[in-house]
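In: Just the structure for this:
(chains A, B and C)
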Amino acid sequence: MPLQVKRLLLVFAIFIGIMLVLKYVLTPDSWREYGPYRGNAIGEIASQQAKYVQKESCADCHDSIAEIKSRGEHINLQCEICHGPGYQHVDDENFKMEITKNSTLCLQCHTMNAASPKNIIKQIDATEHNEGEECITCHNPHQPWL
Amino acid sequence: MDKIQSLYEALTKVDGFIYPNELALNWDMLIVMYPYITGLVAGAFILASLNRVFDIKALRPTYELSLLTALSFMLVATMPLITHLGQPLRFYEMLITPHLTSAMAIFGFVYLWYLMVVLLLEIWFDYRYDMVIWSREKKGFMKFFYKALTLWVSDTSPESRKTDEKIGYFITVVGIPSAFLLHGYVGFIFGSIKANPWWSTVMMPVIFLFSAMVSGIALVMFIYMVVSYLRKQKIDMNALDTIAKYLFYILIIDFTLESLDQIHRIYEADESFDILKILVRGKLFFTFFIMQIGVGVVIPLATLGFLQFKKPRVRIRKLIYWIISICVLVGIFYMRWNVVIGGQLFSKSFYGFTSYKVNLIGGSDVTLSLLWFIVPFFILAFLLWLLPPWKKAPPIEIPEE
Amino acid sequence: MAIEKENFSRRDFIKNSSMFAGGVVFASLINPYKFVFATKQPKGKGKWYGIGIDIEKCIGCGSCARACKIENNVPDDPFFFRNWVEQYTITNDERILVSSPNGGIDGFKQPVPEEDIYKTFFVPKMCNHCAKSPCTQVCPVGASFESPEGLALVDQSYCIGCGYCVQACPYGCRYIDPVKGVVDKCTLCYHRLEKGLDPACMMACPTGARIYGDLNDKNSAVSLFLKEHNCAVLKPQLNTESKLFYNDLSQEVH
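Out: A predicted model of the protein is given here:
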């Protein structure tokens, strides 16, 4: 074999060797545990904090409100749809959960729109239905139709 | 954040309906540069192999120049990609843990194969003898540098030169399919995206390949003229005419393929056709009809076609070639533009368009794209200084066996 | 011209029939037609999540999109969404108007007066968690993958931010996080599922228009939903095997 070819093969062998070492060193730990990805990633994604605690957690303390709500139209709604995520309040009860008590909150669902199915939701036209009044002066959001 | 700012601005320019996430064009001008530069590499190499493998002797004066051009662009070919990444420092993952079902994952290996096994080796065998001679002539650091480049092989015997010649030929033969692979592969990256009807066509790799050849040949033509001018050397008009002839032929093939693709698209007129029609006639009108087809195809084809029948004086021919090569380079750039940017302008809901504004001043993608286009010319200047083709020893005659 | 009758001996007969029988046995061994009868490959024994959306029940309140943004720290800007709601309005003169202002978070305005409307409805969109997901297929480093439960997830500590998956998703469900420089998408709130909670969008839906569950369990909410309704997926021609099933999906929806 000619000398220059031998030298070149040597250089290529060194290069491939370095690549293999790098591949060995840099491949992450749980690679190919389940497939061609980092198996640990699943656990990492699963360990993120959940912000919405869901109504069962709310009812643990606010049982009287939960009871009122359970007799109204809003029975199936999660508290946090209106009140916002409760994870900080659950950790520390001094953390107040702010809620905007004006009609824009109600109208997110109850505004008149031809695309909203009539049989699913009661809709009102805010310009005709007691314009300027806040909804909660007449309706109790926890038990709207009483 | 000015990126977010520009997105808010783009939000006011949405036509019709797009999916909310489609507002941001994730592949900006840097990704236009990526197939453009890779194409220049493949094209320049194929021009070199026309001389070596297909034995077109008229192209001998541009052989080394094409190889060095290919190398200098190859060295930066990955840079637009890497600088475009959201996490540029993680690019090595593509080589360490390639996900083999991805059309993009193999790029690192195709690139390495082409750079190390084809380009570098071919240039090395071509210049080995000369580098040995130069290492003997030079002193100090340059002597050491040339010696290192020869890998401390100082054999200058006729036998060793014959070996160089034979292996070099073999590598060129391997290099042609490799060049096809390199750029056909880049086309496949786009052509295999079934979600995007503007990209998803089996013709894409072939079109990319031929447009790559066109652009690479035009680039070498341009560089050959500039280099000869700078060196105050007489241009070999025979070589230039031959290059122009091949440019003409391949441009015809390229245009035929692209037309075929569009005619097929128009005739089939599938569900995406209505939106693509509006796209091409509207947002892409200037870049598609004027730049890609007008400047990039019609003008060069007409002029080169005319030159096949009638040869004006040398001075005029030179001027024509110079202008044509620039036209073709601009046209192919816009072809990449229309593919990459055009493919993201319409919504996959087929109900609307987003917009892309080029921030010529201050846009980081444009600045970087320009940088990655200019750097290869400096690399080429360095390579021409280090390995001047005009100072090479005359090739050794291999007796017919 | 006389036709020469072929002279079949018993030996030939046995030879031919045994060759035929052998061929059938061989062909049934390699069983090339299996895929004709079973177009879907059987999935594993574990959970295999699917999603159902009942368009008849969607009121376009945007609670799902709001909850998702809060739960998953999605950037507040109106062009980064893990889920959003679209409003389709088809007029009497057959124009199709689609809108999704801020993903529906701020509510919708009906652009057409009621008498001109032929039909109108809301379509909530989110990741389809396709079984043959084109997005995880193209990830060059394996940062985007399909979990054993059939969810398309992103390993953000490994993603290089190339954006190839964003291009490959036919439904526009991925975006590049402008701060992290990596791709982000719906995980069906995998972190909530693992804690026994509902995904944020499912929890927040006031009308129960969103359903999820284990497709392998034939009594799960989503399996029953599929049984009781005629459902369709988006862009079926792309063969992504989407696992987001819509009830009452109009053909105008892309």
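
In: Extract the CA atoms of the lengthiest helix in chain A and return them as PDB.
Out: Secondary structure of chain A read by DSSP state H shows that its longest helix is helix A:3-26. Taking C-alpha atoms only, helix A:3-26 is exported to PDB below (Å, rounded to 0.1, in the frame of the first residue of the first chain):
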ATOM      1  CA  LEU A   3       2.700   5.500   2.000                       C
ATOM      2  CA  GLN A   4       0.300   8.400   1.500                       C
ATOM      3  CA  VAL A   5      -2.700   6.000   1.600                       C
ATOM      4  CA  LYS A   6      -1.400   4.500   4.800                       C
ATOM      5  CA  ARG A   7      -1.100   8.000   6.400                       C
ATOM      6  CA  LEU A   8      -4.600   9.000   5.300                       C
ATOM      7  CA  LEU A   9      -6.100   5.800   6.700                       C
ATOM      8  CA  LEU A  10      -4.300   6.600  10.000                       C
ATOM      9  CA  VAL A  11      -5.800  10.100  10.000                       C
ATOM     10  CA  PHE A  12      -9.300   8.700   9.300                       C
ATOM     11  CA  ALA A  13      -8.900   6.000  11.900                       C
ATOM     12  CA  ILE A  14      -8.000   8.700  14.500                       C
ATOM     13  CA  PHE A  15     -11.000  10.800  13.400                       C
ATOM     14  CA  ILE A  16     -13.400   8.000  13.600                       C
ATOM     15  CA  GLY A  17     -12.000   7.000  17.000                       C
ATOM     16  CA  ILE A  18     -12.500  10.500  18.300                       C
ATOM     17  CA  MET A  19     -16.100  10.400  17.000                       C
ATOM     18  CA  LEU A  20     -16.800   7.100  18.700                       C
ATOM     19  CA  VAL A  21     -15.300   8.300  22.000                       C
ATOM     20  CA  LEU A  22     -17.400  11.500  21.700                       C
ATOM     21  CA  LYS A  23     -20.500   9.500  21.000                       C
ATOM     22  CA  TYR A  24     -19.900   7.300  24.000                       C
ATOM     23  CA  VAL A  25     -19.200  10.300  26.300                       C
ATOM     24  CA  LEU A  26     -21.900  12.600  25.100                       C
END
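
In: Now do the buried residues in that helix.
Out: The neighbour-count check on helix A:3-26 (16 or more other Cβ atoms under 10 Å in any protein chain shown) flags A:4, A:8 as buried. Every residue, glycine included, has its C-beta placed from N, CA and C.

In: pLDDT wise, what is the closest residue to A:Arg32 other than its chain neighbours at?
Out: Spatial nearest neighbour of A:Arg32, chain neighbours left out: A:Gly39 (7.6 Å); criterion: Cβ to Cβ, 6 or more residues apart in numbering or on different chains. On the pLDDT scale, A:Gly39 is placed at 93.

In: count of residues packed around A:Gly39?
Out: Neighbour count for A:Gly39, taken as other Cβ atoms under 10 Å in any protein chain shown: 17.

In: hang on, it packs against A:Ile45?
Out: No. Using Cβ atoms under 8 Å, A:Gly39 is not in contact with A:Ile45, being 11.6 Å away.

In: picking that back up, show me what contacts the residue nearest to A:Arg32?
Out: Residues near A:Gly39 by Cβ atoms under 8 Å, 6 or more residues apart in numbering or on different chains: A:30-33.

In: Please report how far it lies from C:Val183.
Out: 19 Å (Cβ to Cβ, to the nearest Å).

In: Please apply the same query to C:Cys201.
Out: 19 Å.

In: Same check on B:Leu383?
Out: Distance from B:Leu383 to C:Val183, counting by Cβ to Cβ: 38 Å.

In: higher neighbour count, those two?
Out: Shown here are B:Leu383 and C:Val183; by other Cβ under 10 Å, C:Val183 has more neighbours (26 against 21).

In: Run through the bridge partners of that one.
Out: Counting by DSSP bridges, C:Val183 forms beta bridges with C:Ile176.

In: After the lowest-mean-pLDDT helix or strand in chain C, which helix or strand is next?
Out: Across the helices and strands of chain C, mean confidence by mean pLDDT, DSSP states H and E is lowest for helix C:34-37: a mean of 50. Remark: after helix C:34-37, the chain's next helix or strand is strand C:49-54, criterion DSSP states H and E.
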